[in-house]
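# Compute the structure for the input listed below.
(chains A, B, C and D)
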Number of protein chains: 2
Amino acid sequence: MITPPSDLTDHLGYRLRQVSNHVSHAFARKLADRQVTVAEWVLMRTLHNQDPIAPSQLASRMGLTRGAITRLADRLVEKALLARLANPDDGRAQTLCLTERGAAFVPQMAALADQNEAECFAHLSADDRAVLLRILTETVDRLGLRAPPVD
Amino acid sequence: MITPPSDLTDHLGYRLRQVSNHVSHAFARKLADRQVTVAEWVLMRTLHNQDPIAPSQLASRMGLTRGAITRLADRLVEKALLARLANPDDGRAQTLCLTERGAAFVPQMAALADQNEAECFAHLSADDRAVLLRILTETVDRLGLRAPPVD
DNA sequence: TATTGTTATACTCTATAACTATA
DNA sequence: TATAGTTATAGAGTATAACAATA
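Below you'll find the model as predicted:
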């Protein structure tokens, strides 16, 4: 019994990648005006309205390594969007928090995210959008993917 | 009137990225045994059961640049999974096709894709899977994203 | 010795733009 | 001159693993 390879376009994973890539790239183009990348935005958004947080904690929250956080943080500090705060009690430790300028950026970028959202999913009914969000959220929970400010 | 930044987790784009990244990475780990990356797999799958095709045509079909195709093709040729065929009528032109070994790999990798699919979306009802696929496919069509063997 | 953050290194993915050979 | 493919270069995004400073 021969099983032909299932059609690539029938794979959820494949479609997911197609759509996700498009949405992310469209968003990246919008953020580019602000000189910020999508990864930087996610970090900033995660930090927004949060108490200062240690890089290592941020790493686990975002599902990245500490090294990756160092790099992202370096770039954001350079742009004066993020600050590193020393810990007076422990010379090794530090915490990260947005600068005033960085915090002011967040709502602007969130508006761009909303706009991107509207553009990319304009064709879907409110119902379909809700269903899509539900399914994705369920999947994130089931797969145990890092949800942002959970803990 | 103050509008707080909408919750990041409410963005479809954000959730999409989370899920898509996870699914792709899980698949990449499976493919790693075969020494093939996800991008290479997509190229191979696109070529499977197709007549030999020009790199430039493949580029537009996959939504990549010619340079990107050259790189992917280089790696696959190195692994003896892909061959470049010269065009006797035009010294500039060439076509790409899978080697016998490459063609034999495709069904194996498709099985891995199916397995990955099953693992990542096991928690969804058949109904939800179908709805998700429908919504994503509609979105791909509406956004005019490159669907693989369309033309 | 264990922990925190940094650095060195490496690789994939992809783009842009310049380049080569051929038409 | 236009076209097909390649190459050079660059940068994002990430990982692993070694390292320095501090505890």
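
# ok, the most centrally placed residue in chain A to residue A:64 distance?
Centroid-nearest residue in chain A: residue A:42, 3.3 Å away (criterion: CA atoms, centre = their mean). Counting by CB to CB, to the nearest Å, the gap from residue A:42 to residue A:64 is 10 Å. Every C-beta, even on glycine, is put in place using the N, C-alpha and C of the backbone.

# Repeat that for residue A:90.
Residue A:90 is 22 Å from residue A:64, by CB to CB.

# Have a look at those two and say which one is more surrounded.
Shown here are residue A:90 and residue A:64; by other CB atoms under 10 Å in any protein chain shown, residue A:64 has more neighbours (19 against 9).

# From chain B, how far off is that one?
11 Å (CB to the nearest CB, to the nearest Å).

# just residue A:134 next, same as before
For residue A:134, the distance to chain B equals 9 Å [CB to the nearest CB].

# Now the one helix or strand that residue maps to - C-alpha only, CSV.
In the assignment (DSSP states H and E), residue A:134 maps to helix A:126-143. The C-alpha coordinates for helix A:126-143 follow below in CSV (Å, rounded to 0.1, in the frame of the first residue of the first chain):
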residue,chain,number,x,y,z
ALA,A,126,-15.3,38.9,13.9
ASP,A,127,-16.3,35.4,14.5
ASP,A,128,-13.4,33.9,12.6
ARG,A,129,-11.0,36.2,14.3
ALA,A,130,-12.3,35.2,17.7
VAL,A,131,-12.1,31.5,16.8
LEU,A,132,-8.6,31.8,15.5
LEU,A,133,-7.5,33.6,18.6
ARG,A,134,-9.1,31.0,20.8
ILE,A,135,-7.5,28.1,18.9
LEU,A,136,-4.1,29.7,19.0
THR,A,137,-4.3,30.6,22.7
GLU,A,138,-5.4,27.1,23.5
THR,A,139,-2.5,25.7,21.5
VAL,A,140,0.0,28.0,23.3
ASP,A,141,-1.4,26.8,26.6
ARG,A,142,-1.3,23.2,25.7
LEU,A,143,2.2,23.3,24.3
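
# In it, which residues are buried?
Neighbour counts over helix A:126-143 (16 or more other CB atoms under 10 Å in any protein chain shown) mark A:128, A:131, A:132, A:133, A:135, A:136, A:137, A:139, A:140, A:143 as buried.

# if we can go back for a sec, how far does the helix or strand where the residue nearest to the centre of chain A lies sit from the chain's center?
Using DSSP H and E, residue A:42 falls within helix A:38-47. On the basis of CA atoms, centre = their mean, to the nearest Å, helix A:38-47 is displaced by 6 Å from the centre of the chain it belongs to.

# Which other helices and strands does the next helix or strand after that helix contact?
Sequence order places helix A:55-62 as the next helix or strand after helix A:38-47, per DSSP H and E. Other helices and strands packing on helix A:55-62, by 3 or more CB pairs under 8 Å, 6 or more residues apart in numbering or on different chains; DSSP states H and E, are helix A:38-47, helix A:66-78, strand A:94-98.

# So which of the ones you listed is the most surrounded?
Per-stretch averages of neighbours, counted by mean count of other CB atoms under 10 Å in any protein chain shown, single out helix A:38-47 among the helices and strands packed on helix A:55-62, with a mean of 21.

# quick one on the thing from earlier: Provide the contact partners of the helix holding residue A:42 at residue level.
A:24, A:27-28, A:31, A:36, A:53, A:58, A:61-62, A:69, A:72-73, A:75-76, A:81-82, A:96-98, A:102, A:105-106, A:109-110, A:113, A:148-149, B:5, B:8, B:14 (CB atoms under 8 Å, 6 or more residues apart in numbering or on different chains).
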